[in-house]
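K.L.:
sequence first, then the predicted structure, then my questions.
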Amino acid sequence: MFRELRALRTPTHVAQRVAANSRCWWRNSDGDLKRVLTIAYFECFGVPRLS
């Protein structure tokens, strides 16, 4: 997880925090992870918006 987040140019301290909570997806989704995986990130892959 850390390696993949760093490949997305995530700051090291953010990637470490997210990787440390790898079993707590609910907590990660409301924290730093939503700042890394933005709407623009998913639009690049053609994922449709749900709202």
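P.N.:
That came in fine, so what should we check first?
K.L.:
make it CA atoms for all contacts and neighbour counts henceforth
P.N.:
Will do.
K.L.:
tell me the buried residues in the longest helix anywhere in the chain?
P.N.:
Longest helix in the chain by number of residues (criterion: DSSP state H): helix 12-20. Residues of helix 12-20 classed as buried: 14-16, 18-19 (neighbour count, 16 or more other Cα atoms under 10 Å).
K.L.:
what does the average pLDDT come to for it?
P.N.:
Average pLDDT, helix 12-20: 92.
K.L.:
give me the next element, helix or strand, following it.
P.N.:
helix 25-29 (DSSP states H and E).
K.L.:
thinking again about what came up before, which neighbouring elements make contact with the longest helix of the chain?
P.N.:
For helix 12-20, the packing partners by 3 or more Cα pairs under 8 Å, 6 or more residues apart in numbering; DSSP states H and E come out as helix 2-7.
K.L.:
contacts made by the longest helix of the chain with the rest, please.
P.N.:
When contacts are defined by Cα atoms under 8 Å, 6 or more residues apart in numbering, helix 12-20 is touched by residues 1-2, 5-6, 28, 32-33.
K.L.:
least confident of those?
P.N.:
Among these, Asn28 carries the lowest pLDDT, at 79.
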